Each structure stands twice: as structure tokens, then as C-alpha cells.
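Asker: Give me the fold of what follows.
(one chain, ligands or ions: 2)
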Amino acid sequence: MQSEERTLLEVPEPDVIRDWATENGILILAHSYQDGFLQEAAHFVGDSLELARKAASAGADAICFAGVHFMAETAKILCPDARVFVPDMDAGCSLADACDANDLIRYQEHLTNKLGQRPVTIAYVNCTAAVKAACDIICTSGNARQVVESVPEDQPILFVPDKHLGGWLNETLGRDMILWNGACEVHELFSVETLNVMKAENPGSIVLSHPECPKPVRDASDHILGTAGMLNMVKAAKGETFLIGTEANLIYRFEKEAPQNTYLPAPGASCACNLCPYMALNTPEKLWKCLHERGPEVTVAAEHMEPARKSLQRMLDVVVPA
Ligand code: 13P
Ligand code: SF4
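Answerer: Residues are numbered from 1 along each chain as shown. Ligands and ions are numbered 1, 2, ... in the order given. Okay, the predicted model is just below:
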């Protein structure tokens, strides 16, 4: 067996992978929904917003993105001179799949005729580059409220693709945005009945849920937060028990950065795991192979690059980092 093949079969420890990537000029970014090994191997772990900012500011020549496809596309749009690699090209997202760019453009035209003015389109970052190019401004779970509030109240807004995040924004901000009918297949599985049982079994526990959760689950929660907002809350807490209504790998990060608390994954309708099947396609083996082979490589169609960058830049301009 060739020595290069043998090296690829033996996946080293996460810190060895990270050092190898550093020596070879590749920045590893990982979303907090990746499993603990991939988080440890990364140079930087974050939520969608932090990862977008990191990609925009890092000035890297090459990025390996352990996350899902739309996140790697976002990195490519914000850092166009970098080559962007992903461990698995099939790591998609049910929200991104729910909104086809051509359908969106047709619906925008329909609404413009119906309303007599073009609605402002806000797209949650969980969408394709083509959808980013067709919208006016992007938001993430970490800044959605500020982005919506940046649009004058008399302007009609079309919000895509997440009906649950959009519904939560309408409720809490008193808006009447028109919502696209998309949902995250992971967060849709959380069950309010089993959550209520778990709350009863853990008196005094604090329920944190992601705004991608359906309304009955949000209503049974103490706080609705994106993944970075949850991390800030648990870091500030002292010895609490948290029931976590989002992808269960986030708990790895909580236990590492805020070990003083207890974390229990909120249950799904039929299981207690709530792991994103797309994030799970990225494995240590695929990461190691991707770094060596510098691929698969994510590309964005030339005609989408500039309009999508403008939509992302508007978001970054609205929300000044803390
Ligand atoms: P965050 O924006 O909170 O990182 O969430 C990303 C995501 O995919 C949620 O399902
Ligand atoms: Fe997409 Fe849901 Fe997975 Fe997040 S958890 S990447 S929204 S499928």
C-alpha cells in the first residue's frame, strides 16, 4: 500500500488534523452542530453568523467547511478568492431545499402585481446562493430580529424559507410578513407533549429552544434563541439544568464551555436524539480525506456571486458585532 493511502486510512487525533491543516494553509471552520471530534479539529467553531463573519475576515486561501452546503456557499461568496472544500457534498439542508430560486422569483412577481409594490425579501441564511441572489437581505437566527426591524414598518416583507422562524418574528415584533412554507426537518420533530413530560420530571429546569421549532414547542419554552444566544445564556448560568430544544451536538460545546450546568436534549416525537442527518454526513474520515485531496470543492455560479454578496453584506452592515 502507498504511504499516502495508509496515512489517509489512519485518522489522527483532532489536534493533529488541525495542525496539519495549519501547516498546509487550510482554515477549518465547523458549525456547533458538528460532532465533538469535528469541533475539536476546527480552528473556529460557531453559529451561522459567526462563521459568515469569520469567512469574510479571515483572508484564508483555502477553507474546509464542516457544516452544510449553504454554509460553505456563504463562505465562498464572502471570501471569493479562497477555495472552499467540504467533507461531503451531499450535506444539504431541508430548509434550503424548500425554497427553489425560480419559484421565489415567480412568487415575488405575483406579490408585486397583487400588492402594487415589490415586497422586501428577507431570506434566512439557510438557503441556496441562488435564493440569496434573488432576495434583498439575509438574516441568521442570531440577528433576525434586528434585520426585520431595519425594514420600515410600512414596507411589505416576504420572509423565506422558514415559516417557524418567520412566525416567531411576526409574533414578537408585531409584523405581518408573508411567510414561505419551509421548515427544518430536525426542529419540526420536537414534540411539546414529550417536552412537557420532561419538564415535569426536571422541576426548575430551563427550556431553551431554537426559533426553527414549531409554535407549540416555542410556547412551552423559557427562551427562544439561536445557537450563539444559547451559548451566551448557559455560560452566564450557575448550576442550572437546561432542556435543549435544538440539534443535540450543541450540548458538546455547552459541556466544554459551561460545564457548571446540566444539559438534557429535548425529546423528539419518536426519539431523544435530534441529530441533523446532513451534518452527520461529515465524519472524521471524510474531513481528513477532504484536507488531503482539497475537495470536493464548492463553487457558486458567477451570476449569483455579486447579488448574493450584496444581500449578505446588507446583513453584516445592519448588525454590528458586539
Ligand atoms: P444557527 O444560525 O443558530 O447557527 O443555526 C443554524 C441552523 O442550521 C439551525 O438549524
Ligand atoms: Fe438544515 Fe435543520 Fe440541519 Fe439546520 S438542523 S442544517 S436547518 S436540516
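
Asker: how about stretch 131-143: buried residues?
Answerer: Residues of stretch 131-143 classed as buried by neighbour count (16 or more other Cβ atoms under 10 Å): 131-143. To be clear about C-beta, it is placed using only N, CA and C from the backbone, and glycine gets the same treatment.

Asker: so of those residues, which ones are in strands?
Answerer: Counted as lying in strands by DSSP state E, out of the buried residues of stretch 131-143, are 137-139.

Asker: ok, now how distant is whichever residue of the stretch 51-200 of the chain sits closest to ligand 1 from ligand 2?
Answerer: In the stretch 51-200 of the chain, the residue that lies nearest ligand 1 is residue 141 (3.8 Å; Cβ to the nearest ligand atom). Remark: distance between residue 141 and ligand 2 (Cβ to the nearest ligand atom, to the nearest Å) = 9 Å.

Asker: isn't that residue right up against residue 47?
Answerer: Yes: the pair residue 141 / residue 47 is scored as a contact, 7.0 Å apart, by Cβ atoms under 8 Å.

Asker: returning to what we had before: closest to residue 73 among the ones in strands among the buried residues of stretch 131-143?
Answerer: Nearest to residue 73 among these: residue 138, at 11.7 Å, using Cβ to Cβ.

Asker: got the contact list for the nearest residue to that closest one once chain neighbours are set aside?
Answerer: Once flanking residues are discounted, residue 138 sits nearest to residue 315: 4.4 Å by Cβ to Cβ, 6 or more residues apart in numbering. By Cβ atoms under 8 Å, 6 or more residues apart in numbering, the contact set of residue 315 is 125, 137-140, 143, 147.

Asker: could I get these as CSV with pLDDT?
Answerer: Putting those into CSV (pLDDT from 0 to 100) gives the following:
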residue, pLDDT
125, 97
137, 98
138, 97
139, 97
140, 95
143, 94
147, 97
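
Asker: can stretch 81-90 be found next to ligand 2?
Answerer: No: on the criterion Cβ under 6 Å from any ligand atom, stretch 81-90 is out of touch with ligand 2, staying 12.6 Å away.

Asker: Could you tell me the end-to-end distance of that stretch?
Answerer: End-to-end distance of stretch 81-90 (Cα to Cα, to the nearest Å): 23 Å.

Asker: again, but for stretch 135-147
Answerer: 13 Å.

Asker: Same question for stretch 77-93.
Answerer: Using Cα to Cα, one end of stretch 77-93 lies 18 Å from the other.

Asker: List the buried residues in that stretch.
Answerer: Within stretch 77-93, the residues that count as buried by 16+ other Cβ under 10 Å are 77-79, 82-88, 91-93.
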